Each structure stands twice: as C-alpha cells, then as structure tokens.
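Student: attaching a predicted model along with its sequence, questions to come.
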Amino acid sequence: MGGGGRGRGRSRTQRKHFRESRENVWKRSKSDPNPSSTQTNNTTWTPFSTQNPAFDFYYKEQGIVDPQQWDHFVSLLRTPLPATFRINSSSHFSDDIRSQLENDFVHSLRHEIAEGTETEAIRPLLWYPGNFAWHSNFSRMQLRKNQTLERFHEFLKLENEIGNITRQEAVSMVPPLFLDVHSDHFVLDMCAAPGSKTFQLLEIIHQSTKAGFLPDGMVIANDLDVQRCNLLIHQTKRMCTANLIVTNHEAQHFPGCRLNRNYERMELDNDIGQLLFDRVLCDVPCSGDGTLRKAPDLWRKWNTGMGHGLHSLQVLIAMRGISLLKIGGRMVYSTCSMNPIENEAVVAEVLRRCGGSVKLIDVSSELPQLIRRPGLRRWKVYDKGTWLVSYKDVPKFRRSVILPSMFPSGRGHQDLVDACCNADVGDDATDGVNGNAKDAIQAVENPMLPESAEEVPDFPIEHCMRIVPHDQNTGAFFIAVLQKVSPLPEIPEKTKIHIEEQNVEPANQSLNDAQEPEANSPEIAHEEGLKAASEGNVNDNEQNTEDLEASPVSCEEQNSKETQEPENVQKMAKRVPGKRKLQIQGKWRGVDPVVFFKDEAIVNSIRDFYGINEHFPFNGHLVTRNSDTSHVKRIYYISKSVKDVLELNFKVGQQLKITSIGLKMFERQTAREGSSAPCAFRISSEGLPLILPYITKQILHASAADFKHLLQNKEVKFEDFTDAEFGEKAANLLPGCCVVILAIGNTIAAESLQVTESTIAIGCWKGRARLSVMVTAMDCQELLERLLIRLDTEKGSAGHVDKSSNDVEVQPVQELDSKNDVKATVS
Ligand SMILES: C[S@@+](CC[C@H](N)C(=O)[O-])C[C@H]1O[C@@H](n2cnc3c(N)ncnc32)[C@H](O)[C@@H]1O
C-alpha cells in the first residue's frame, strides 16, 4: 500500500480541512447522469470528476487490462471502495465477535438495507482462511453517514480500537497470507507502518497459542519514518503482544546483527549468531495507484515519474530482504501500484541479481478463491512523452533516470555498471531523479545488444500476481512470492557500492505524495494514534533523552558478504539532509535504551504480592526503557524469541534502533492513600491475559451481576456487591492492585474455575472501602458487550440479543479515554 505521511506535519485544523475536502471528492447525488456511477441501495454516487488522461494513456498502453474491460475497470476505480474488516483470529473474543456479527448485523442489515435483494449487506470474504475477513456493501463514508448503519459503524469503531477487529482494505490483507507464516517463525516486516500487515502477521503467529503461553516466533516491524513508526506502535499495541520489536531503519540498510566469528560459541546461550528470518515481508513504498478508490485525490498527482523514482529503492529494499532471509525462507514483495516498473521490473531485477539462489514461486494453488492475474511478461517504459521498448532506446541524457532494470530483459545492466566505474560525469548530466545531477550515473550504449532480442524477462515472471479492482470489487495490488534456495552469490565490491547508490530517491521528500493513500487508509489511527503511541515504550525516560541515545555501531564484526550492513551507511548519512540524517543508525535522539530489568527486590515484591507461580519465567524477560532502574515506571515483558534477539543485539553493539519492544506488563502506581499498597506495581490491562493463569493471590471471582455492576459503576463499595461473600473477600484483599475474573454460570468457587483463552478478567484497585475498576471506559464498554453475549449464550437463547431490554448504559465513544489503562480513583 502506498505509504507516506498523510497527516504528517499537518496541524489539527489542516487535517480537519483535509478530511472535509476528501469527503467532498466523492460527491453524493440523487440524480446522476453519468453512466459509470454505481447504484447501491438507492444511493447514487457521482464519481470524482477529475480524470488523469496520463493515467488512462499509460495503463491502456501497458495492457494491464483487456481493452473490452477498460470501462469497467475505470468505473470501479472511480467508485468508493466497500469497507472490509477482519476479526482478530487470535483474539480471545473472536467467537463472540463472529456470533455478534452474524446475529446482530448480517440479518438485521439485510432486512433493513437490502430488503428484496439476494445480497447480504455484509458477508465473509471467502478467500480469507477461516472466514475471519468480512466484506460490506458500503463504503466507509456510507457507514459513517447512513443512520441505519450507525450501530454497525459504532460496533466496528469500538472493536477496532480494542483490537478485536481490524478495518483493512481487502487486498492489503493478501500479502501476509502468501508468506505462509508459522507460529515459530522469525518474521521481518521491512516497511511496516502504519502496521496493518504487521498486525495480521502477529495474529497468525499468536493464532493457536493457549492462555498463558507465547508463541516461539516473533516479528520485527521496521519503518524509516519515525512518526509512522508511532502509528505502527499504536496499531500493534492493540494486539498486546510480547513477540514484537519495532525498529526505525532504512530497510535497505537493515542491520544484519552478525556476531563476530571470534565470539566464543560457549558464551552463546541461544542459537542465534546472526539475525536471519524465516519470512520477510517487503511491502515497499510505492506510487500507490492501486489505492485510487479510497484516495481519489491521488489521481490529480499521478505521473509516470513516481514509479521511476521508486524503482531503485524498491530493488535495494527487496535485495536487503533477500539477504536477511534464511535458506529455504520465503519473502513476499508487494506494492499497491499497478505499474510494472515498480512490480515485475523489480522482481525480475532481484532474480537477476540473485543468480539462481532465489526462485519466484508459483502459488496459483494457494487461496484458490482469490481471483488474480499473472504477472506481465511485456511492458514498456514511458519517459518524456516517448515509449521506450528497450534500454537501447533510452537517450543518453536520460540514462541516469531510466535504468536497464526497468525493462523486461534488464539488459544493459552490466554495461551500466562498467560505465559507472569508467565514465566521466560530463556537463550533459541532467537532472537525476534525486536531484544530484553531478552524481548521476552515465552509461554507454552496448553495441553488442542484439537488435532482435525479445524484451522479456528470463524468469517465469507470470508467477507474480496482479489483483485488479474489476475482478472482485477491490483495490489493486501486486504480489510476488520468492524463496531463497541457496546462499546469494558474492557481489563484486565495486558493483555493490554502485548498486547501492544508484538513483536512490531521497525517500522522505519524494515519497510523500506517492504514499498519501496509505496514510489516509482506515487502518491508520488518527491523532489519538500519535498520542497513545507516546505512551508506548518509545520514550520512557523523564530525563533528557539526548544523553541516552543508542550507541552507534561499534562491533568489529566480520560479516559475511550477505548479511553485512552495506558499507555506504556513513556515506548516506553525509549525503542526506536534515531529519533523515538523524535517522541513520542509532543517531535518532528520541529513542531510549532498552535495558534488561534485573532489580530483584522489585521483581520479588511483585512475585510475592500477586503470588505469581514459578512457571511464569521472569528471568531475562523483563525490560525497561530507563537505564536508571530506581525510576522505572513501566516494565515490559518480552518473549523468549525477542529476548534472544535482544541479547544478540547487545552482543553486536546495539545495531538495532528499537523504538518499541514487548508488552507493557507492570506499571508503577501510587495510591492516594500514600504508600499503603505493599506492591508499587500494578498489572497493566495489556499484560493481564498473559500472566493471569499464573496469579494465585489478589484474585477474586465475581458473578455476572457483580461483574456488570463493577463495569457499569467503575467503583463499588464492598457492602454494595450483590454477593455479600464477594464483598467480604474483596475487603480482605491487601490494598493495591487486584484481579477480578468473571465466573462462568453460577459457579464462583475459585477452585472450579480454570483460566482459558476466553476468560474475562479486569484489573481493579482495592482501596479502603471499595473496589475501583482500572480499565478504560472503552474497555468497559467492550467487556459489557461480551458479557451480554455470554449471558445470552448461557441462557441458551438463540439469535438476536436485545440490548435495549438490558439496563446496560453504554458510554459514547467520543468520551473514551485514549489511554489503554486509566488510573483508578483510589478511595
Ligand atoms: C506501503 S507503506 C507500508 C504499509 C504497511 N506495510 C502496512 O501494511 O500498513 C510503505 C512504508 O515504507 C516506509 N518507507 C519508505 N522508505 C523506506 C525505507 N527506505 N526503509 C523503510 N521504510 C521505508 C514508509 O514510511 C511507509 O510507511
């Protein structure tokens, strides 16, 4: 999906204005003379009136659509995209959500909206495994504005915020599915922000994990843009995972973290000697023209130069991904662009550079219900008003911009390299894409290039997949699945430096336009995202973080050619201006150190207070973002896999620039009564599901009536609980944090209750006279929904839950606290 900073650098007013102008782009009207408009349930949509003739011209000529399908293709591109969403397959509540959707919305919406038609208003996306993904017949704007859909829209918003549902464009869900991720895989998501695919990868990794356990795998989600990293952190925070590291690197220079060969093998307490991945997702920055349906304003800006400017960066990122892949590992390369220069040309160039060590896999038998088209075998390059069929057609003065690798055969590549090393850069060097004309590479024409040679790739490039809007009413996407079958060939040093440097667009400036659609996608959190992200572990220090910046790479590792950090990192740092310079390896000032938390006194006090049994591993699994452990406010829990990577990172001189790691497990809490609570740390809502099966003290089991009472009132005096015995037990707890579990049926005897994945529990604070709930209003609202569904199921009533007959007061969403945890009002 086209990424890049929509909303970035805009003021609140500018953003509001921007949202409004976007809404005006698709104008709604009752009478529409335009034959290409779409009729949906009595609402007629007039398509955006501005077309881009260059777009039509380019894609018609590239032959991405059969001429007889062209009108259908364009009419769909000009029609708003139907909203799609996915139930979090690893969520404890996914069964509840599914039954709520089926009971409340499929039937009622069909009845109210689509009466008299055969079409269901919402239905499962059949190609998505397990039918976790759903398709609606409404665009996002229809969902927002149509009153009949209001309750459904509120449901989607709430469940999305909580993390049980993710609103995501259907085609954007495809690339992670072709990665074939297993729960024990180490996965790298190279260009991950805003994180919709990262979330999906985490879902897959966690899918069959039992309560209280963590999968063996992990995900590293990386993005170049620090602000988009914050969106990513906000997005993935909803997953409550201990198996994630968020990093902030240029993907093409992602560190290899290879241990010095002289490192004593004996000292390794794990098997990781370098950072290699089972799976790599390479969802690169692109021109984003496959997202026109949700970002029609891109149409105005679209031009062929966008693809040209990104091609080299895309190749570099994909090559780095391949080099970080284990032998036998899979990499998915994807874009939300239809442009062959960003797609087939990149894949073909990667295959050429990898010389047989990487294969393009035929995945036609996977996800059979997903309609896709084969990759193009022929395409042309359009530059300055001319179609170029082969590199030999490129005028000399354009050879800094139009590269051999943009053509199907890729021929001319070696000539370009040779020319780079030999040729003088003359005065005729014109504007390179990156604006540094003097650095532009000059190539000489290869007189040996056979005139008649057919311009097609030497690879089965048709194994790539193109998803187009008019096949299944979606956006457009390009996907290629690659497998590394043997080590990469050694690249001559001279060539390598040249390849690294050629024609790389200064990403932050030029990508902004191209990436706007992604930034405006439904899956992006809005302002709250940034706000909440700052509550993540990006910055946990109260002191000046400048002093604490991660140390630059200091190891003298003897990297293999394959995993070595490209030598020109420092050169790049000198070349790039301002902000980007700060973002080069370990130089970004806002990132706090990651420190293993080893304060035994605190750890023991937590263990004793909650009676956490010894099966829950603490040793080496707790980290903080503050080197002064006496001032630690938050303690994060990391999985064994993340711990192994972190230990490796320390051994190689902290090459990884980590912006977020692990799951917030404990948070310092001071009671209003002063220091009366024996334990200074409360369990955070995010960490509770993981640690719950191991807690033996400070725990209560409430009947549905008392649980509901707590959720509705947030504070309940001990004597006000329906069950007097429960009130008494609550009064007898030690002051401070405690956990209240919803009892099943009429059973509240603790011994008969087993914590499972679907157990509902909340953190509370035991004060002098009352229990106070320590979860957000939004979490309360969501838990009440779950409670009602459970009660309904227990009653055995089939079908619809009539919320109106229940005395639950649901709070309006806008009043909700954006924080995940709230401080309790301690009595
Ligand atoms: C297509 S978007 C990624 C969308 C993301 N995979 C998702 O599903 O939410 C591309 C991302 O690449 C990032 N990016 C651009 N240049 C990059 C680079 N050189 N290294 C790493 N990330 C980069 C952008 O900030 C943007 O967030």
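Tutor: That came in fine, so what should we check first?
Student: just checking, what packs against the helix or strand where L158 lies?
Tutor: Assessed by DSSP states H and E, L158 sits inside helix 150-162. Where contact means 3 or more CB pairs under 8 Å, 6 or more residues apart in numbering; DSSP states H and E, helix 150-162 is packed against strand 82-87, helix 140-145, strand 165-167, helix 777-795. The C-beta positions use only the backbone N, C-alpha and C, and glycine is treated the same way.
Student: average pLDDT for that helix?
Tutor: Mean pLDDT, computed over helix 150-162, is 92.
Student: keeping just the C-alphas, turn it into PDB.
Tutor: Coordinates of the C-alpha atoms in helix 150-162 are reproduced here as PDB (Å, rounded to 0.1, in the frame of the first residue of the first chain):
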ATOM      1  CA  GLU A 150     -24.900   3.800  12.800                       C
ATOM      2  CA  ARG A 151     -24.900   0.900  15.300                       C
ATOM      3  CA  PHE A 152     -22.900  -1.200  13.000                       C
ATOM      4  CA  HIS A 153     -20.400   1.600  12.500                       C
ATOM      5  CA  GLU A 154     -20.100   2.100  16.200                       C
ATOM      6  CA  PHE A 155     -19.500  -1.600  16.700                       C
ATOM      7  CA  LEU A 156     -16.800  -1.500  14.100                       C
ATOM      8  CA  LYS A 157     -15.100   1.500  15.600                       C
ATOM      9  CA  LEU A 158     -15.200   0.100  19.100                       C
ATOM     10  CA  GLU A 159     -14.000  -3.300  18.200                       C
ATOM     11  CA  ASN A 160     -11.300  -1.800  16.000                       C
ATOM     12  CA  GLU A 161     -10.000   0.300  18.900                       C
ATOM     13  CA  ILE A 162      -9.900  -2.600  21.200                       C
END
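Student: can you mark which positions in it are buried?
Tutor: Using 16 or more other CB atoms under 10 Å as the test for burial, helix 150-162 gives 152-153, 155-162.
Student: next: stretch 345-358.
Tutor: For stretch 345-358, using 16+ other CB under 10 Å, the buried residues are 345-354, 357-358.
Student: and what of stretch 774-784?
Tutor: Within stretch 774-784, the residues scored as buried using 16+ other CB under 10 Å are 774-784.
Student: then stretch 656-674?
Tutor: 656-667, 669, 671.
Student: what does the stretch 151-300 of the chain put close to the ligand?
Tutor: Within the stretch 151-300 of the chain, the positions near the ligand by CB under 6 Å from any ligand atom are 172, 191-197, 223-225, 228, 250-252, 283, 285.
Student: among these, which lie within helices?
Tutor: 196-197, 228 (DSSP state H).
Student: can you put those residues in JSON lines and add neighbour count and pLDDT?
Tutor: Formatted as JSON lines, those follow (neighbours: other CB atoms under 10 Å; pLDDT from 0 to 100):
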{"residue": "S196", "neighbour count": "26", "pLDDT": "96"}
{"residue": "K197", "neighbour count": "26", "pLDDT": "98"}
{"residue": "R228", "neighbour count": "26", "pLDDT": "96"}
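Student: distance to P617 for these - can I get that in TSV?
Tutor: Below are these laid out as TSV (distance: CB to CB, whole Å):
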residue	distance to P617
S196	31
K197	30
R228	33
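Student: for the ligand, what's the nearest residue on the stretch 651-800 of the chain?
Tutor: For the stretch 651-800 of the chain and the ligand, the shortest gap (CB to the nearest ligand atom) falls at K657, measuring 11.9 Å.
Student: surely that residue and H249 touch.
Tutor: Yes: K657 is in contact with H249 according to CB atoms under 8 Å; the separation is 6.0 Å.
Student: no further questions, thank you.
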